[in-house]
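Chemist: Have a look at this prediction, sequence included:
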Amino acid sequence: MAFPLYEEDKHVAAYLQYRVTPHELINKIMDFMGAKTQNKLNLAVDVGCGNGSGSVLLAPFFKQVVGTDISANQLELAQANNDCQNVSYRQSPAEELPFESGQVDLVTAMTAAHWFDRPRFLKEAERVLKPNGCLALLSYTMDMELEYGHATGALNAICKEFYAALLPFKNPCLGSSSSQIYLDMFESCTYPDKEWNGCHKIYRTATVNRYIGMVETFTSYQKLKKQDAAEAERLSEDIRNKLLAVMQVSSPDTELTMVVKYFYMLARKP
């Protein structure tokens, strides 16, 4: 990766606990690759793998999966939670992958490519991919929605209030739209066989506390927390109380539906 993030122990652990793993999109990737045979493909590389929660999803389809990341703390946690014999991890930047040219069947980055030096990463991905190898990049917008019967509309107004409060702390390298970053990469890709999906909704049962915990893993929230921990805590508590009030419940462990809006690009090297 172009620069290290998610290094602090508590942030690393929270990322593992709260982030949503998009197992539905793994099937989209494999369908695009045409891997509907009994024979596993050889090698997948999950770049910017973090805690490895995405890397292990690839294990059933490949003989070997290697997750790479620049963060030693993330990789330590990934290895500690790894129970797949064909998944391993290596520390390296996204722009300098430790693989020979033409060796890799799949290069993927799950909620990570926006942090890379993107022109260098795309060039490096092309180098390591085999002919007919695939590049799969996916992420999600930071505006999850909540569903809870009659309260759905009011809940999402409160969610927007939460995101607006964090907007001044957004990393400037992300620009105004994370999906636009990926669309730009898609459009710059010269492979003739490619696919873009700008919104694939993933639904997860969650609690109010889990939703709050997920937003607290955002780099914008972490920046606010470093600047003013008391204000960050106050913001979370205020949003939590407002959500509970419109739901007309008292427990933050009350379940609702969280909707995460993913987008992705898939491209096959000629």
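Modeler: Cool, got the structure. Numbering: from 1, shown residues only.
Chemist: Who does the residue nearest to residue 111 when sequence neighbours are not counted form a beta bridge with?
Modeler: Ranked by Cβ to Cβ, 6 or more residues apart in numbering and with sequence neighbours excluded, the top spatial neighbour of residue 111 is residue 139, at 4.6 Å. Using the backbone N, CA and C atoms, a C-beta is placed for each residue, glycine as well. Beta-bridge pairing of residue 139 under DSSP bridges involves residue 263.
Chemist: ok, residue 139 - contacts?
Modeler: 110-114, 178-179, 182, 262-264 (Cβ atoms under 8 Å, 6 or more residues apart in numbering).
Chemist: can you pick the most crowded of the residues you listed?
Modeler: Neighbour counts for the contacts of residue 139, by other Cβ atoms under 10 Å, peak at residue 110, which reaches 29 neighbours.
Chemist: List the contacts of that residue.
Modeler: Counting by Cβ under 8 Å, 6+ apart, residue 110 has contacts 22, 46, 48-49, 54, 138-139.
Chemist: What of residue 49?
Modeler: Residue 49 makes contact with 55, 67-69, 74-75, 78, 89, 110, 112, according to Cβ under 8 Å, 6+ apart.
Chemist: coming back round to it: which one of the contacts of residue 139 is nearest to residue 243?
Modeler: Closest approach between these and residue 243, by Cβ to Cβ: residue 262, at 22.9 Å.
Chemist: Sort out which residues of the strand or helix carrying residue 73 are buried, please.
Modeler: Element membership of residue 73 [criterion: DSSP states H and E] is helix 72-80. For helix 72-80, the neighbour count (16 or more other Cβ atoms under 10 Å) marks 73-75, 77-78 as buried.
Chemist: Least confident of the contacts of residue 49?
Modeler: When the contacts of residue 49 are compared by pLDDT, residue 74 scores lowest at 87.
Chemist: Quick check: phi and psi on the residue lying closest to that one once chain neighbours are set aside?
Modeler: Nearest residue to residue 74 in three dimensions, chain neighbours excluded: residue 50, at 4.7 Å (Cβ to Cβ, 6+ apart). Phi and psi for residue 50, reported as degrees, to the nearest 10, are phi 60, psi -120.
Chemist: Please consider this matter closed, and thank you.
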